[in-house]
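test case, fold it:
(one chain, ligands or ions: 2)
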Amino acid sequence: MDSQTPRLEIRNLRRSFEGRAVVDDVSLKILPGQVTCLLGPSGCGKSTTLRMIAGVEMQDSGTIHVDGKLICDTVFRVPPERREIGLMFQDFALFPHLSVADNVGYGLTGTKASKRERVEELLRRVDLIRFIDGYPHQLSGGEQQRVALARALAPRPRIMLMDEPFSGLDNRLRDGIRDETLSILKEEDTAVLLVTHEPDEAMRMADEIALMRDGKIVQQGAPYNVYTRPIDRASVSFFSDAN
Ligand code: ADP
Ligand code: MG
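Ligands and ions are numbered 1, 2, ... in the order given. This is a model prediction of the structure:
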């Protein structure tokens, strides 16, 4: 496989609800180690796009490939748990009755010793090894978010899908956690699709921004280009209203 094979490629994805196209011919490619932000106002179809990639929502048409291999079209479908995709959502809570170690190790298979090793490695990476035998309620919001990141990364997903994962955090914590998350994901060479309605977040985190409106990607490119050369007046007002 050459290095330019996209880790994730979606082609012409469509999904309608009650006769209305919510995701309307969306195509995207993400290379390993790259972060693409799907940026757009509430209701434009971002989460539905993510859910189709995760395999929890079925598309009406279009295809999804991972590392050049078809994982989903309208007849063939790899089930969600076999897609090697990590998920992080704003309200994707930790299991309150499980220790930090058991939360992080939840999706792991293998021997007890190998699981423990991976859990420790990840907790060291998110700088929470001291909480390994603690419980979620003993952690701050930001710390819980880092445990959630460690849990999502534990099975070494090829792709990480993140749906507004930082919006539950207060401003003081958010930038630090964004940066930290980004550096861990880059180290793991994971392809990331981050959904957000906040231009600031996309500008801070993305290698590439895909600007979405009414179910379509209206502009795509490097953050600086998308920000400084908006394609139309609706994009101008989306960026300026948000600031
Ligand atoms: P975003 O994440 O950009 O805010 P969503 O993908 O959640 O947008 O939703 C896009 C549109 O699709 C919204 O108008 C939403 O109400 C609608 N929608 C999403 N899921 C369903 C569903 N299961 N049934 C009907 N409408 C839905
Ligand atoms: Mg959403």
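
got the residues of this structure near ligand 1?
Listed as neighbours of ligand 1 in the chain under the rule CB under 6 Å from any ligand atom: Phe17, Val22, Gly40, Ser42, Gly43, Cys44, Gly45, Lys46, Ser47, Thr48. All C-beta atoms are positioned from the backbone trio N, CA, C, and that covers glycine.

so where's the chain shaky on pLDDT?
For the chain, the stretches flagged by pLDDT under 70 are 1-3, 92, 242-243.

mind listing the strands for it?
Secondary structure of the chain by DSSP state E: the strands cover 8-17, 20-30, 35-39, 61-66, 69-72, 85-89, 159-163, 191-196, 208-213, 216-221.

export those to JSON lines and tack on mean neighbour count?
Formatted as JSON lines, the strands of the chain follow (neighbours: other CB atoms under 10 Å):
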{"stretch": "strand 8-17", "mean neighbour count": "18"}
{"stretch": "strand 20-30", "mean neighbour count": "18"}
{"stretch": "strand 35-39", "mean neighbour count": "26"}
{"stretch": "strand 61-66", "mean neighbour count": "18"}
{"stretch": "strand 69-72", "mean neighbour count": "16"}
{"stretch": "strand 85-89", "mean neighbour count": "22"}
{"stretch": "strand 159-163", "mean neighbour count": "24"}
{"stretch": "strand 191-196", "mean neighbour count": "25"}
{"stretch": "strand 208-213", "mean neighbour count": "23"}
{"stretch": "strand 216-221", "mean neighbour count": "18"}
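
I'd like those strands written out as JSON lines, with distance to Phe95 added.
What follows is the strands of the chain, written out as JSON lines (distance: least, CB to CB, whole Å):
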{"stretch": "strand 8-17", "distance to Phe95": "28"}
{"stretch": "strand 20-30", "distance to Phe95": "29"}
{"stretch": "strand 35-39", "distance to Phe95": "27"}
{"stretch": "strand 61-66", "distance to Phe95": "27"}
{"stretch": "strand 69-72", "distance to Phe95": "27"}
{"stretch": "strand 85-89", "distance to Phe95": "15"}
{"stretch": "strand 159-163", "distance to Phe95": "19"}
{"stretch": "strand 191-196", "distance to Phe95": "24"}
{"stretch": "strand 208-213", "distance to Phe95": "32"}
{"stretch": "strand 216-221", "distance to Phe95": "35"}
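
for this structure, longest helix please?
Criterion DSSP state H: the longest helix present in the chain is helix 171-187.

now do that one: distance to the chain's middle.
Distance, stretch centre to chain centre, for helix 171-187: 13 Å (CA atoms, centre = their mean, to the nearest Å).

again, but for stretch 227-241
Taking mean C-alpha positions (CA atoms, centre = their mean), stretch 227-241 and its chain are 24 Å apart.

going forward, count from 41.
From this message on, residue numbering opens at 41, which makes the last subject stretch 267-281.

neighbouring contacts of that stretch?
Gly80, Pro81, Pro239, Met243, Ile249, Leu251, Arg253, Val258, Gln259, Val266 (CB atoms under 8 Å, 6 or more residues apart in numbering).

nothing else from me, thank you.
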